[in-house]
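S.K.: I would like the atomic coordinates for the input below:
(one chain, ligands or ions: 2)
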Amino acid sequence: MLLEEIPSLDLNEFNSGDPVRKAQFVQDLGNAFNTIGFVAVKGHGLSDDFTKKLYQEVEQFFQSPDSLKQAYEIPGIAGQRGYVGKGKETAKGFKVPDLKEFYHVGQKHQEDGDSVWSEYPENVFPKEYPDFEAYTVGAYQTLENAGKMLLRAIALYLELPEDYFEDKVKNGNSILRAIHYFPIPNPDTLPVGAVRAAAHGDINLITLLMGASAEGLEVLRMDGKWIPITALPDQVVVNVGDMLDRLTNHHLKSTIHRVVNPPREKMGTSRYSIPFFMHPRSEMDLTCLESCVSTDNPKIYTDMSAGEFLTERLIELGLKK
Ligand SMILES: O=C(O)CCC(=O)C(=O)O
Ligand SMILES: [Fe+2]
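M.R.: Ligands and ions are numbered 1, 2, ... in the order given. The predicted structure follows:
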């Protein structure tokens, strides 16, 4: 079945306490991830007011002079925390960097004795904008919770125990990425093929994207047609990443997507979006689940841990040497 738009779901159905509604959510989510790979989800826990303030913080930061932003660019950590400047990330397989700059916030370190903390760089926050930390960390935690619920639904769809992903994503290596697609005052100066975000699949397990209500995001349908995404302001767009695709032997599909440049008369405007890339701990084994492999459906990926796969991809993106 080829869809003209991505399905819409409400996470409150999964948490309704009604087994029939919960099971329906699981089937709807699984069917979407098995076909187009994307859904729009409401009931994620972020209020309109919070989201508005978060975007204000993010816009203020990106509207600052480059010298202020560059003070939060940290060498030696493959752009995994803080500011990553213009021209630094090139989608896998492309030669021209994306027309974007972004800011990464990771897991907030805790004093719980978990050995994982030594693997993650500490967060940095712009001291010029004292509320930036509270809003980005708040969004991180809310989206991480929503992501955990979605992974419970995915586990049930895959006929695994509902808590299958729980220990794998505990203190996981997820990243909140606030993106600014900057204005291009003179489009004639752009290198050939330069776009806001070239076609790519996400690396992680699942992505929860805030801000797809602004035009530009498109997903590649199985028949090769690009479908524009039109999410409502109260929805986050959720998609399968390459790690979940690998784990399920492409039963759940990491769908290629891109952000196209606006029409010429709008090239002088900014676009903002905030994806949350839900990663497991680096030791998670991404070997295909046995239930997803059969003689008709042979295994298509080599065995790898999440950490090994992430390293491979950061090198391909030009973020890691
Ligand atoms: O900005 C968007 O709407 C999508 C961003 C995206 O796909 C990504 O950063 O992986
Ligand atoms: Fe993406």
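S.K.: surely Met284 touches Asp167?
M.R.: No. Applying Cβ atoms under 8 Å, one finds Met284 not in contact with Asp167, separated by 9.2 Å. All C-beta spots, glycine's among them, are computed from the backbone N, C-alpha and C.
S.K.: which of those two has more neighbours?
M.R.: Between Met284 and Asp167, Met284 has the larger neighbour count (other Cβ atoms under 10 Å), namely 22 against 12.
S.K.: and that one, what does it touch?
M.R.: By Cβ atoms under 8 Å, 6 or more residues apart in numbering, the residues touching Met284 are 168, 243, 305-306.
S.K.: who's the residue in the stretch 101-250 of the chain that ligand 1 sits nearest to bridged to?
M.R.: Across the stretch 101-250 of the chain, no residue is closer to ligand 1 than Leu217, which sits at 4.0 Å (Cβ to the nearest ligand atom). Leu217 has these beta-bridge partners by DSSP bridges: Val259.
S.K.: now do the phi/psi pair for the residue in the chain positioned nearest to ligand 1.
M.R.: Closest approach between the chain and ligand 1, counting by Cβ to the nearest ligand atom: Ser273, at 3.3 Å. Note on Ser273: backbone dihedrals following degrees, to the nearest 10 are phi -150, psi 160.
S.K.: what's the neighbour count on it?
M.R.: 25.
S.K.: contacts for stretch 212-232, please.
M.R.: Residues outside stretch 212-232 that contact it (Cβ under 8 Å, 6+ apart) are 2-6, 8, 35-38, 40, 42, 181, 196, 199, 209, 233, 235-237, 239, 255-262, 271-273.
S.K.: make a markdown table from the contacts of Met284 and add secondary structure and distance to Asp18 to it.
M.R.: As requested, the contacts of Met284 are exported to a markdown table (DSSP: H, G, I helix; E, B strand; the rest coil; distance: Cβ to Cβ, whole Å):
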| residue | secondary structure | distance to Asp18 |
| --- | --- | --- |
| Lys168 | helix | 28 |
| Met243 | helix | 31 |
| Ser305 | strand | 38 |
| Ala306 | helix | 34 |
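S.K.: from the residues you listed, pick the one nearest Pro191.
M.R.: Met243 (31.2 Å; Cβ to Cβ).
S.K.: and the spatially closest residue to Pro275 that is not a sequence neighbour, how far is that from Glu265?
M.R.: In space, and not counting its chain neighbours, Pro275 is closest to Leu209: 4.4 Å by Cβ to Cβ, 6 or more residues apart in numbering. Distance from Leu209 to Glu265, counting by Cβ to Cβ, to the nearest Å: 26 Å.
S.K.: helices of the protein, start to end?
M.R.: 11-14, 19-34, 48-62, 66-70, 132-157, 166-169, 242-247, 306-316 (DSSP state H).
S.K.: and the angle from the second one to helix 132-157?
M.R.: Taking axes from the mean of the first three to the mean of the last three Cα atoms, to 10 degrees, helix 19-34 and helix 132-157 form an angle of 100 degrees between their directions.
S.K.: ok, back up a step: from the contacts of stretch 212-232, list the buried ones, please.
M.R.: Among these, those scoring as buried are 6, 35-38, 40, 42, 181, 196, 199, 209, 235-237, 239, 255-262, 271, 273 (criterion: 16 or more other Cβ atoms under 10 Å).
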